[in-house]
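1. Here is my input; please provide its structure:
(chains A and B)
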2 protein chains.
Amino acid sequence: MSGSGENGVRWLSDAEQASWRAILRGTRLLEQALDDALGDAGLQLSEYEIISMLSETENHRLRMSELAAMVVQSRSRLTHTAKRLEDRGWVTREQCANDKRGVELVLTPGGLEAVRAIAQVHVRSVRDNLVDIMTPEQFTAIGDAMGIVRDHLDPHAASGR
Amino acid sequence: MSGSGENGVRWLSDAEQASWRAILRGTRLLEQALDDALGDAGLQLSEYEIISMLSETENHRLRMSELAAMVVQSRSRLTHTAKRLEDRGWVTREQCANDKRGVELVLTPGGLEAVRAIAQVHVRSVRDNLVDIMTPEQFTAIGDAMGIVRDHLDPHAASGR
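-> Residues are numbered from 1 along each chain as shown, chains lettered A, B, ... in the order given. Got it, this is the predicted structure:
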């Protein structure tokens, strides 16, 4: 994918290609490491993200459609993930009070307890494999740059997500 | 996950938490956008990565075990991906010449042609959703920082990956 000019395609320079490969591979390895850390607690990063998001809302509930957009999962994948969390007693699915076609995911007291315990494992792995292995300036720089990507791809989302 | 002190856990500060959320969400949205762009060509990013890696080796072949490590996929997931690529006639699976238990994935001439055509679509989406929406310094900074993560998590790998 490196080189330039041919057919009007703006290929990546060698330096850009090296950066892009580092981003892709670093991101994959990081996700795998975070998954492995949570695996000791018996769940995947995608599952933790959901109960974590629910724990931060005022009444511990979110519409499935909104949650799917927040964690960037397809509705079908989220349905499977929610089912696994439901089987563990950490969430329940309820009809929205003000919209009979809508379904909300609700964190149970047991689910809240689980989030609080597992958050300690998760934050340690985020520190060990990302935050604490680089300078604060480097970590902030990735956050700022990926914030640009997020806002570019999802301009209507609340900025806090 | 924000706050600090409790139980000796070093929670992320609010600023660190905001950066981490931007990284996680930006990364997910980027992967989805790259997948969507390749979807028009009928394949997923994980499939493209494999034929792209094969196209860059001298004789267009790699051991399955090595390829799995390069693209950070489990062996079982890679086997499924390889099967889909084989069904399209883009790769074949062959026994290693010097190791009867090893299996290599080999890019076919049709697969090479496909990589070359699809690379144009892929590089455009990488530019549109990442490289060209930030300053060169910001892009380089993400590459450098994620290179640190890569080398931390996979210290024995060749640096070129």
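2. Would stretch A:121-131 count as contacting chain B?
-> Yes: applying Cβ under 8 Å from any Cβ of the partner chain, one finds stretch A:121-131 in contact with chain B at A:122, A:123, A:124, A:126, A:127, A:129, A:130, A:131. (Glycine included, C-beta is placed from N, CA and C.)
3. just stretch A:76-84 next, same as before
-> No: counting by Cβ under 8 Å from any Cβ, chain B has no neighbours in stretch A:76-84; the shortest distance is 11.6 Å.
4. Only whichever of the residues of stretch A:121-131 next to chain B are buried, select them in PyMOL.
-> Selection of buried members from these for PyMOL, criterion 16 or more other Cβ atoms under 10 Å in any protein chain shown:
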select buried, chain A and resi 122+123+126+127+129+130+131
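5. Can you tell me which of the residues of stretch A:121-131 next to chain B lies closest to residue B:140?
-> residue A:130 (18.1 Å; Cβ to Cβ).
6. How many neighbouring residues does residue A:84 have?
-> Using other Cβ atoms under 10 Å in any protein chain shown, residue A:84 has 15 neighbouring residues.
7. Chain neighbours aside, what residue packs nearest to residue A:75?
-> residue A:68 (5.2 Å; Cβ to Cβ, 6 or more residues apart in numbering or on different chains).
8. And residue A:40, by the same measure?
-> residue A:121 (7.0 Å).
9. likewise residue A:116?
-> Residue A:116's closest residue in space is residue A:55 (Cβ to Cβ, 6+ apart), at 7.7 Å.
10. Kindly give the local confidence score, pLDDT, for the one residue sitting closest to the centre of chain A.
-> The residue lying closest to the centre of chain A (Cα atoms, centre = their mean) is residue A:71, at 5.0 Å. Looking at residue A:71, its pLDDT reads 91.
11. likewise the one 3 residues further on?
-> The predicted local confidence for residue A:74 comes out at a pLDDT of 87.
12. residue contacts, it?
-> residue A:68 (Cβ atoms under 8 Å, 6 or more residues apart in numbering or on different chains).
13. how close does it get to residue B:31?
-> 13 Å (Cβ to Cβ, to the nearest Å).
14. And what about residue A:126, helix, strand or coil?
-> helix (DSSP: H, G, I helix; E, B strand; the rest coil).
15. Tell me how far it lies from residue B:9.
-> 12 Å.
16. angle of the longest helix anywhere in chain A against helix B:14-39?
-> When chain A is parsed with DSSP state H, its longest helix is helix A:14-39. Relative orientation of helix A:14-39 versus helix B:14-39 (axes from the mean of the first three to the mean of the last three Cα atoms, to 10 degrees): 110 degrees.
17. max-length strand in chain A?
-> In chain A, assigned by DSSP state E, the strand with the most residues is strand A:99-107.
18. Parallel or antiparallel, which strands does it pair with?
-> If you go by DSSP bridges, strand A:99-107 pairs up with strand A:61-63 (antiparallel), strand A:91-96 (antiparallel).
19. For the worst-scoring helix or strand of chain A on mean pLDDT, list every residue counted as buried.
-> Lowest by mean pLDDT, DSSP states H and E among the helices and strands of chain A is strand A:99-107, with a mean of 89. For strand A:99-107, the neighbour count (16+ other Cβ under 10 Å) marks A:104, A:105, A:107 as buried.
20. One more: stretch A:67-78?
-> Buried residues in stretch A:67-78 (16+ other Cβ under 10 Å): A:67, A:68, A:69, A:70, A:71, A:72, A:73, A:78.
21. before we move on, back to that, adding distance to residue A:83 and pLDDT, write the residues of stretch A:121-131 next to chain B out as CSV.
-> Output for these, formatted as CSV (distance: Cβ to Cβ, whole Å; pLDDT from 0 to 100):
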residue, distance to residue A:83, pLDDT
A:122, 22, 96
A:123, 27, 96
A:124, 28, 96
A:126, 27, 98
A:127, 31, 98
A:129, 29, 98
A:130, 30, 98
A:131, 32, 98
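22. What are the phi and psi values at residue A:41?
-> phi -90, psi 0 (degrees, to the nearest 10).
23. residues in contact with it?
-> Contacts of residue A:41 by Cβ under 8 Å, 6+ apart are A:117, A:118, A:121.
24. if I look at it, how far off is chain B?
-> Distance, residue A:41 to chain B, using Cβ to the nearest Cβ, to the nearest Å: 14 Å.
25. what's the answer for residue A:93, then?
-> For residue A:93 relative to chain B (Cβ to the nearest Cβ), the value is 23 Å.
26. now do residue A:60
-> The value you get for residue A:60 to chain B, if Cβ to the nearest Cβ is used, is 16 Å.
27. Hmm, that residue is touching residue A:112, no?
-> Yes: contact status for residue A:60 versus residue A:112: in contact at 6.7 Å, counting by Cβ atoms under 8 Å.
28. ok, these two, which is more surrounded?
-> Higher neighbour count among residue A:60 and residue A:112: residue A:60, with 19 against 15, using other Cβ under 10 Å.
29. For residue A:16, which non-adjacent residue is spatially closest?
-> Using Cβ to Cβ, 6+ apart, the closest residue to residue A:16 is residue B:131 (6.2 Å).
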